[in-house]
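Peer 1: pasting the sequence and the predicted model now:
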Amino acid sequence: MKATVSTEWLSGCSGCHVALVDLHEKLFGLLDDMEIVRSPVLVDQKTYPKANVGIVEGAVRSEHDLEALHKIRGSVDVLVAYGTCAVYGGPSGVGWLYRKDDVFDAVYERGPTNAGGERPDSGVPSLEESVRPIDEYVPVDLYLPGCPPHPFFVAAGLHNLLDSSKPGLTHRSVCADCNRKMQKRAGVQLVPAAVVGDDPDLCFLSQGIICLGSVSLNRCLAPCPKIGVACTGCAGPSLDVLTDPNRDTRTELAERMEKLCGIPRKDTVSYLEMNANTFFAYAMASPTIYKKPTVEIREWAGPSQAATS
Ligand code: SF4
Ligand code: SF4
Ligand code: SF4
């Protein structure tokens, strides 16, 4: 019998649902095993029919998101947090840095497109106090981060969820699929604000350029370093960073840069703190990250920093 699948789309950009459609032939393989009974982009179904698997894109930002999340959770046997927004808050998780009223003031009173300063007080769902990953509200059975996750991992994760005899997901870092070589080098300086390097075969870290590949979970097959751009960690942290409370993106990279090219740890640490909005962009709204004893994201990237920068 086919497994039934229901999907929902909360506060996200729709990219994760587009990636679902983008599964192409892999989707056809999956469709042999499953029937999609609800999906905002694939099926015209407004209610929440019972289903075996629920797939949720996006973070919880509004009252509507929360209601929809509870409805889909109540209608399915197992739930997948699909994409970095659902798993960690994702790019919209930057709202976690600000109070709800500050966001309204910035958009509806000081924003360039709303000179009248009117807030949308009726006819739209109200905002929650902050942006939160979905497991802050409901139990999650499978986490599939990625912005969006690569179809390869979506297909593998769903196959394994539907049939546990199929191989599960690996937990390697992006470096596992990157062809660049890490090399010890002397006399390398930290290169600020760089995302491309001179040597196409050499690891960015060995060139003094911050690449988050070694501290990011591989749910993408490393497309960025393969085309010459340093990884910004859109799939969220690697398992090492997630599971050890005393390790974070900053401390891990500082250690690696010092060992590879002698850049003092404090230089890398302070560069990453000054640019925390970039280097913690995808997972800052997740308590797994902001509750780490080593992490002070509001101090590094919060409103007082924005006001002075
Ligand atoms: S994870 Fe990325 S692609 Fe998916 S909804 Fe969020 S921003 Fe869009
Ligand atoms: S740190 Fe970046 S460039 Fe270096 S091996 Fe890992 S993904 Fe590739
Ligand atoms: S290489 Fe890094 S930034 Fe690029 S898709 Fe993968 S995780 Fe995201």
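Peer 2: Good, I have the coordinates. Ligands and ions are numbered 1, 2, ... in the order given.

Peer 1: who's in contact with the closest residue to G302 other than its chain neighbours?
Peer 2: Once flanking residues are discounted, G302 sits nearest to L97: 5.1 Å by Cβ to Cβ, 6 or more residues apart in numbering. For every residue, glycine as well, the C-beta is placed using N, CA and C. L97 sits next to 284, 297-298, 301-303 when contact means Cβ atoms under 8 Å, 6 or more residues apart in numbering.

Peer 1: and the residues you listed as CSV, adding neighbour count and distance to ligand 3?
Peer 2: Output for the contacts of L97, formatted as CSV (neighbours: other Cβ atoms under 10 Å; distance: Cβ to the nearest ligand atom, whole Å):
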residue, neighbour count, distance to ligand 3
M284, 26, 16
I297, 20, 19
R298, 16, 24
A301, 23, 19
G302, 16, 24
P303, 13, 26
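
Peer 1: I'd like those residues laid out as TSV, including distance to I36 and pLDDT.
Peer 2: Converted to TSV, the contacts of L97 look like this (distance: Cβ to Cβ, whole Å; pLDDT from 0 to 100):
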residue	distance to I36	pLDDT
M284	32	95
I297	37	89
R298	40	89
A301	39	86
G302	41	78
P303	42	77
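
Peer 1: please narrow the residues you listed to those residing in helices.
Peer 2: Judged by DSSP state H, helices contain the following of the contacts of L97: 297-298, 301, 303.

Peer 1: which single residue of the stretch 151-300 of the chain ends up nearest ligand 2?
Peer 2: Residue of the stretch 151-300 of the chain nearest ligand 2, by Cβ to the nearest ligand atom: G213 (2.3 Å).

Peer 1: so what pLDDT did that residue get?
Peer 2: pLDDT recorded at G213 is 97.

Peer 1: cool, the one 3 residues further on as well?
Peer 2: If you check S216, the pLDDT there is 97.

Peer 1: distance of it from N160?
Peer 2: 21 Å (Cβ to Cβ, to the nearest Å).

Peer 1: how is T7 assigned, secondary-structure-wise?
Peer 2: strand (DSSP: H, G, I helix; E, B strand; the rest coil).

Peer 1: list the contacts for it?
Peer 2: 17, 20, 36, 38-40, 42, 54-57, 82.

Peer 1: quick check: residues of the stretch 101-250 of the chain near ligand 1?
Peer 2: For the stretch 101-250 of the chain, the contact set with ligand 1 under Cβ under 6 Å from any ligand atom comprises 147-148.

Peer 1: need the residues of the stretch 101-250 of the chain near ligand 3, please.
Peer 2: 174, 216, 220, 222-224, 231-235.

Peer 1: if we go to 5 Å?
Peer 2: When proximity is defined by Cβ under 5 Å from any ligand atom, the stretch 101-250 of the chain lies next to ligand 3 at 174, 216, 220, 224, 231-232, 234-235.

Peer 1: of those, which belong to strands?
Peer 2: Among those, none falls in strands (DSSP state E).

Peer 1: can you put those residues in TSV and add neighbour count?
Peer 2: Output for those, formatted as TSV (neighbours: other Cβ atoms under 10 Å):
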residue	neighbour count
V174	26
S216	26
C220	22
C224	20
C231	25
T232	17
C234	23
A235	28
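
Peer 1: can you report phi and psi for the nearest residue to R247 once chain neighbours are set aside?
Peer 2: The shortest distance from R247 to any non-neighbouring residue, by Cβ to Cβ, 6+ apart, is to V241 (5.4 Å). Backbone geometry at V241, expressed as degrees, to the nearest 10, gives phi -70, psi -40.

Peer 1: now swap in K46 and tell me
Peer 2: Per-residue torsions, K46: phi -90, psi -20 (degrees, to the nearest 10).

Peer 1: next one: A59
Peer 2: Dihedral angles (degrees, to the nearest 10) for A59: phi -90, psi 170.
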